[in-house]
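# All I have is the shape, not the residue letters:
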Ligand SMILES: Cc1cc2nc3c(=O)[nH]c(=O)nc-3n(C[C@H](O)[C@H](O)[C@H](O)COP(=O)(O)OP(=O)(O)OC[C@H]3O[C@@H](n4cnc5c(N)ncnc54)[C@H](O)[C@@H]3O)c2cc1C
């Protein structure tokens, strides 16, 4: 049996989430006795996937597929699934993976479970554990179809090395004009900054920062830790920061290694969206702020005094530990 | 232009999340239900198309009778017609299939759904619906303009935005950005009165097999106490983050 993974690249380089889905697929393969096949588009070094237990890479270098297109990519993965007679397909939960997975599910008449956080239970029925109610609960979901799609939550399984040797096979993928109904005209991406989805560390600011003119404090701290910047909902609603930085139940989910919240009270809607982060730090001048109940570490103090000191000390730490 | 907005009826964001029947069902006891926030941004954008471009706006919900107050609210906000497909929503595939039938029958030019619902966060219905109908699809849509038969849409991607053009019919998975928070409408008395007279059509489900099933629910383990660090002792925080949490 073959397990198929969609391994996303950016400018030819695999994203970290690709190594995570590969590691996860390898764990399923070990459990069920199968092999792992990756579908990769325009990878500079497809061989790299063998470090994470991938046995075969279907490498797509079609001119038409240089740029991400959800429907066309879903079509290629559909073809690959059929060719490999794969019964389990694993994708990450990046914006692009979330975009194409439902299309893939219809193409393959497959059951799709998103936000999965553990290796499936294959003993009786095939069930997966996934988050529900924006991290306020977990749910065991049975996938009843013969072909199954798993959307693996970012950073829930981790990257695990498992050296093997992978065969690289060029794969055409038969796409038609029908797959290109959506014409991408331009992409506007901040390339010198890590995105919230890909960041190891996220620094988030709330209304306690008083105004957009103070955001250099957040940005300096973020730069020190190579972190992404985020904000609470009112901060984006007031136009202090772009909507793309709004995190929480109605914004972007955050499942990072370290989340530092500054001047954020910790409303239930905010906490729900960020609670999948491994370590949470709060800096707030109000010791009664609800965030202190959700955080691992906290400083009761004034943001305008604490942030510059923290940035300074972290710079020293980085210099000493480089 | 005929627009269909797909509405999910979800627990209010402040709801206590509990389960019944041996942790197999969500406990609706004492829970307030609302229009799914992502859908409400889409509905509000649809109202803009109605006011500025003369669109008609229908809403559709897959759900039992208990969803009707939520549907009435969409009519009070200004939707023209409502359709309730009379079956309990079980999974994304089933919901999309029911909506696809209604969407096909209604020959809509634009179908607006929310990027995800805030209860099960599946993020499946809009894309599945588009594929079942054979229409174009744009997810995490934060801006949408329609000129004749051409749509210009902006999609949020990881770390940026992507602008694309396409022809109608189109399905989008919408979210905040389609309109601003301050554009959201609170129904007024007149809207509420009018909503009572607007058609709420109940249609039979086609009924289909579900591909996934929610079995048991569990809650996250309770969190340990926060470790407080003195504001004068930043070194201690760095030490904890490095040696204990291994986060830096
Ligand atoms: C349907 C719905 C959906 C929502 N979705 C989201 C969501 O997705 N994400 C989200 O974030 N919110 C969401 N909210 C809003 C949420 O309820 C809160 O209103 C919001 O998170 C509060 O933002 P805040 O913490 O920045 O501001 P506030 O609650 O005003 O908190 C500011 C904090 O800063 C502290 N502070 C003030 N001055 C200083 C200082 N000098 N130094 C240090 N600390 C200081 C204060 O003590 C306070 O705790 C939603 C609300 C609703 C109704």
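Cool, the structure landed. The model shown is predicted, which means the values in this text are computed figures rather than measured ones.

# Taking the stretch 1-150 of chain A, what residue is nearest to the ligand?
residue A:134 (8.6 Å; C-beta to the nearest ligand atom). C-betas here are computed from N, CA, C, even on glycine.

# quick one: which helix or strand includes the nearest residue to that residue once chain neighbours are set aside?
Once flanking residues are discounted, residue A:134 sits nearest to residue A:272: 4.0 Å by C-beta to C-beta, 6 or more residues apart in numbering or on different chains. Take DSSP states H and E as the rule and residue A:272 turns out to sit in helix A:268-274.

# which other residues reach that helix?
Here helix A:268-274 makes contact (C-beta atoms under 8 Å, 6 or more residues apart in numbering or on different chains) with A:133-136, A:202, A:204, A:206, A:232-233, A:247-254, A:259, A:261, A:264, A:280, A:290-291, A:294, B:13-14.

# Which positions in the stretch 201-322 of chain A make contact with chain B?
For the stretch 201-322 of chain A, the residues in contact with chain B (C-beta under 8 Å from any C-beta of the partner chain) are A:201, A:225, A:233, A:237, A:243-244, A:246, A:249-251, A:257-258, A:268-269, A:272, A:275, A:278-279, A:281-282, A:292-302, A:305-306, A:309-310, A:313-314, A:317, A:321.

# Who are the contact partners of residue 227?
Went with chain A since none was named. Contacts of residue A:227 (C-beta under 8 Å, 6+ apart): A:194, A:199-203, A:221, A:258, A:260.

# My question was about chain B, not that one.
A:296-298, B:240.

# burial count for residue 225?
Just so you know, I chose chain A. By the criterion of other C-beta atoms under 10 Å in any protein chain shown, residue A:225 has 24 neighbours.

# Not quite, go with chain B.
Residue B:225: 9 neighbours (other C-beta under 10 Å).

# that's a strand at it, yeah?
No: secondary structure of residue B:225 (DSSP: H, G, I helix; E, B strand; the rest coil): coil, not part of a strand.

# any idea how far residue A:265 is from it?
Distance, residue B:225 to residue A:265, using C-beta to C-beta, to the nearest Å: 19 Å.

# Could I get the average pLDDT for stretch B:181-193?
Stretch B:181-193 comes out with an average pLDDT of 95.

# Please apply the same query to stretch A:53-67.
95.

# and the spatially closest residue to residue B:30 that is not a sequence neighbour, how many neighbours?
Once flanking residues are discounted, residue B:30 sits nearest to residue B:16: 7.6 Å by C-beta to C-beta, 6+ apart. Residues lying near residue B:16 (other C-beta under 10 Å) number 11.

# circling back: is any residue of the helix holding residue A:272 near the ligand?
Yes: part of helix A:268-274 sits near the ligand under the criterion C-beta under 6 Å from any ligand atom, namely A:269-270, A:273.

# Contact residues of the stretch 1-150 of chain A facing chain B?
A:70-71, A:94-96, A:98-103, A:105-107, A:109-115, A:127, A:131-145.

# redo that, cut-off 7 Å
Within the stretch 1-150 of chain A, the positions near chain B by C-beta under 7 Å from any C-beta of the partner chain are A:70, A:94-95, A:98-99, A:102-103, A:105-107, A:111-115, A:127, A:131-134, A:136-145.

# Of those residues, select the buried ones using a PyMOL command.
To isolate the buried subset of those in PyMOL, counting by 16 or more other C-beta atoms under 10 Å in any protein chain shown, use the following:
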select buried, chain A and resi 70+94+95+98+99+102+103+105+106+107+111+112+113+114+115+127+131+132+133+134+136+137+138+139+140+141+142+143+145
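
# From the residues of the stretch 1-150 of chain A next to chain B, which land in helices?
Under the assignment DSSP state H, these contribute A:70, A:95, A:98-99, A:102-103, A:105-107 to helices.

# Dump these into JSON lines; add pLDDT and distance to residue B:62 as well.
Listed next are these as JSON lines, based on pLDDT from 0 to 100; distance: C-beta to C-beta, whole Å:
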{"residue": "A:70", "pLDDT": "98", "distance to residue B:62": "24"}
{"residue": "A:95", "pLDDT": "97", "distance to residue B:62": "26"}
{"residue": "A:98", "pLDDT": "98", "distance to residue B:62": "21"}
{"residue": "A:99", "pLDDT": "98", "distance to residue B:62": "22"}
{"residue": "A:102", "pLDDT": "98", "distance to residue B:62": "16"}
{"residue": "A:103", "pLDDT": "98", "distance to residue B:62": "20"}
{"residue": "A:105", "pLDDT": "98", "distance to residue B:62": "17"}
{"residue": "A:106", "pLDDT": "98", "distance to residue B:62": "17"}
{"residue": "A:107", "pLDDT": "98", "distance to residue B:62": "22"}
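
# Which of those residues sits closest to chain B?
Among these, residue A:102 lies closest to chain B (C-beta to the nearest C-beta), at 3.0 Å.
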